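1. sharing a model prediction with you, sequence too.
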Amino acid sequence: MTTRAPHTPRFDSPRPPVLLESAFEDPESIHRLVHANAPYWEIMRYLATPQELAAVSRSPRSAPRFLPPWFRGDWAYDEPLVPGAETILENPRFIEAARTLFDAEVVRPNVVYVNLMAPLSFAGEGHIDVPAFRGIDRREFPIWLLQQMSRSGLFADWQIDIATAVSWFYEGDGGAFDYWAEGPTAPPRTLQPPFSNRAVVGDNDFMFHRVGTVGEVTKTLEAGLESELMPAPDDSGDWIVRDRDEEIARYPYEAIRISVSWKAEVFADDEARRVREEHLDDLTLDGVVERFLADLSDRGLAIERPADPLEDADFMAALSDVYRIPDLVYPTAEETTRKASVA
């Protein structure tokens, strides 16, 4: 691995997002895909252990205890995984926005997933998406490692630029989208429903964002890791949350906040694409661990090389303690109310 000076992550200056008032030519096709590809699984299944949950949270010594009714389905990863996903993957509106956002010659769409949120009072703090690096990405490596690599700034020369389009289909109460377009030290901008076919194309690996309260909530359902969201088996048109064989909640379809995320790797030119696709400058896990350990040592935190760095809880905790998520400026209650009233 080539030795290079560390960089500061660009959290303070993400690329200004591109807003699209019309994401898809046929928005009804998204609803058809949502119905056709149920059930959807609890999003926290991405993180397999309490240590991994703690490693990506703002409080690195404690994992989140609350699992929100937030469900996901993967529709494309380098190729369509479900029929109809190819139309989303090759959406020309997203491709053009990504080219503009990154001033890129090459846009390579590769990911589509859908999020479905039942009514909930808290969807989590502002967060960034899962990054990718040449040789190290989520296909073979855990999310906690990728997040720490990005937060450290040590691997910026290998981090892949990713454009993310988030489009929404929800006309109920709440469900606002906050995004920190000027960085974490400035108040976020907010988009409010109705979300009939709108989208934001952003630098979401560095631009913090979050979802507001969804629906009118008296008591938020706490899902389990085995919970799934799906259409009710009767003719009601409702959707249900089932945990193993038990129905634990039921909602009208219009109460479900739907968002579709599209991701594309973007490259300044064809040579940059070639370096990525031909693996000409890939990271290795050994090289990543060595670079982390050297940086920790420079900070006076020398630790032994872990025998299994992907599973070692002490190694995870050490990285989480050093490479922290920036503190975010949140809107006041008055600002939130004012934004909602003018949306």
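-> Structure received. Numbers count the residues shown, from 1 in each chain.
2. now stretch 21-31: mean pLDDT?
-> Per-region confidence: stretch 21-31 scores 96 on mean pLDDT.
3. likewise for stretch 127-142?
-> Averaged over stretch 127-142, pLDDT sits at 94.
4. give me the contacts around it.
-> 11, 48, 52, 77, 143, 145-147, 149-150, 155, 158-160, 162, 164, 204-210, 263, 265, 275-276, 279, 281-285, 288, 310 (CB atoms under 8 Å, 6 or more residues apart in numbering). Just so you know, the C-beta spots here come from the backbone N, C-alpha and C atoms, and that holds for glycine as well.
5. which strands and helices lie in contact with the longest helix seen in the chain?
-> Longest helix in the chain, counting residues (DSSP state H): helix 285-298. In terms of contacts (3 or more CB pairs under 8 Å, 6 or more residues apart in numbering; DSSP states H and E), helix 285-298 is packed against helix 143-152, helix 313-322.
6. out of those helices, which is the most enclosed?
-> helix 143-152 (a mean of 23; mean count of other CB atoms under 10 Å).
7. helix or strand right after that one?
-> Going down the chain from helix 143-152, the next helix or strand is strand 162-169, by DSSP states H and E.
8. name the helices or strands packed onto that next one?
-> By 3+ CB pairs under 8 Å, 6+ apart, strand 162-169 packs against helix 28-36, helix 92-102, strand 199-202, strand 257-267.
9. can you put those in TSV and add mean neighbour count and distance to residue 295?
-> As requested, the helices and strands packed on strand 162-169 are exported to TSV (neighbours: other CB atoms under 10 Å; distance: least, CB to CB, whole Å):
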stretch	mean neighbour count	distance to residue 295
helix 28-36	15	44
helix 92-102	19	28
strand 199-202	26	29
strand 257-267	23	26
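10. which one, of these, ends up nearest to residue 82?
-> Counting by CB to CB, residue 82 lies closest to helix 28-36 out of the helices and strands packed on strand 162-169; the figure is 7.0 Å.
11. residues in contact with the closest one?
-> When contacts are defined by CB under 8 Å, 6+ apart, helix 28-36 is touched by residues 24, 75, 82-85, 87-88, 114, 116, 167, 169, 231, 258, 260.
12. where exactly do the strands run in the stretch 1-150 of the chain?
-> For the stretch 1-150 of the chain, applying DSSP state E, counting those that start in this stretch gives strands covering 18-20, 40-42, 70-77, 106-117.
13. which helix or strand in this protein has the lowest average pLDDT?
-> Lowest by mean pLDDT, DSSP states H and E among the helices and strands of the chain is helix 333-342, with a mean of 45.
14. below-threshold pLDDT in the stretch 201-343 of the chain: ranges please.
-> Residues of the stretch 201-343 of the chain meeting the criterion pLDDT under 70: 218-220, 332-343.
15. same question for the stretch 51-200 of the chain.
-> In the stretch 51-200 of the chain, residues with pLDDT under 70: 51-66.
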